[in-house]
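**Q** Following is a predicted model, sequence given first.
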Amino acid sequence: MKEYTEEELWFHKKDQKIYGLMDRPKKVHKAPLIIICHGFGGSHKVNLVSADIYANAGYAVCSIDFCGGSDKTISDGSVMEMSVITEKEDLLAVVEQAGKLPYIDERRIYLWGESQGAFAVALAAAEIPDKIAGEILLYPALNLADMGKRQFTKKSDVTDSVFMNIKLGPVYYQDIWDLDIYGSISHYSGPVLLLHGDQDELVPIAYSEKAKDVFENVEYHVIPGQGHSFYDEAGRKVDRMILEFLKTIC
């Protein structure tokens, strides 16, 4: 039986609307909040099993759709205008507005992201470290800038491109071309849970190995036998790890 109620919310970033599905615990007056951020080509629906587990454990869970995140998302915006930086800005808007909800404990907001969503989480947390009680990064796609530089010689050469059969605008790579990725994410000194599969062929584990060395307060785990996602029992094991991590930092 669900120990939470479910409601749809809309957040706002300038003239764009950002969709969120909120799972709200029934018996918690001021609940800690986990904001779940999907990866490239995904939507809020991708991680609903995990959201259910966290909500039944007493957390409010808001699964969001990034603007232009994919053709599956409900939020405003075009995929052609999307980048990790626009997703970071979406997330900053959600944190600000969700923290004002009367049933949310704004002192305990946790950011959860997978792949490109994890990259956006790391950037957002670094900009507002005092508002984020912890971040959970699953196989963060910190290789995106290098992917762009393998396709284009310089920033001014960047044009439309295609990745995983999804057409992207120039902004996708231009926005992060000059970004000091590891320097940027290191500005968050709070607790970080970093997880990466040792069989990940989409985002080499070396990027997380480097990331763990720039975070001041990191718990890092390699998930054996897993690629660029954690499926079935491995996924549920990771959910248990995440809940244990949250218990230690609450």
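**A** Here it is on my side, so go on.

**Q** List the residues that contact residue 127.
**A** Residues in contact with residue 127 (CB atoms under 8 Å, 6 or more residues apart in numbering) are 88, 92, 187. C-beta coordinates here come from the backbone N, C-alpha and C atoms, glycine included.

**Q** thought residue 84 was touching residue 143?
**A** No: Residue 84 is beyond contact range of residue 143, at 11.4 Å (criterion: CB atoms under 8 Å).

**Q** Show me which of these two is the more surrounded one.
**A** Higher neighbour count among residue 84 and residue 143: residue 84, with 25 against 16, using other CB atoms under 10 Å.

**Q** Quick one: residues contacting the more buried one.
**A** 116, 119-120, 123, 141, 144, 175-176.

**Q** How much space separates it from residue 104?
**A** Going from residue 84 to residue 104 by CB to CB, to the nearest Å gives 26 Å.

**Q** And the strands in this structure?
**A** 4-13, 16-25, 31-37, 60-64, 104-114, 134-138, 161-163, 166-168, 191-197, 217-223 (DSSP state E).

**Q** and the angle from the fifth one to strand 134-138?
**A** It refers to strand 104-114. 20 degrees (axes from the mean of the first three to the mean of the last three CA atoms, to 10 degrees).

**Q** For residue 50, which of the strands of the chain is the nearest?
**A** The closest of those to residue 50 is strand 31-37. By CB to CB, the value is 7.1 Å.

**Q** about what we covered before: Throw the contacts of residue 127 into JSON lines and include neighbour count and pLDDT, thanks.
**A** JSON lines is the format used below for the contacts of residue 127 (neighbours: other CB atoms under 10 Å; pLDDT from 0 to 100):
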{"residue": "88", "neighbour count": "23", "pLDDT": "98"}
{"residue": "92", "neighbour count": "18", "pLDDT": "98"}
{"residue": "187", "neighbour count": "14", "pLDDT": "98"}
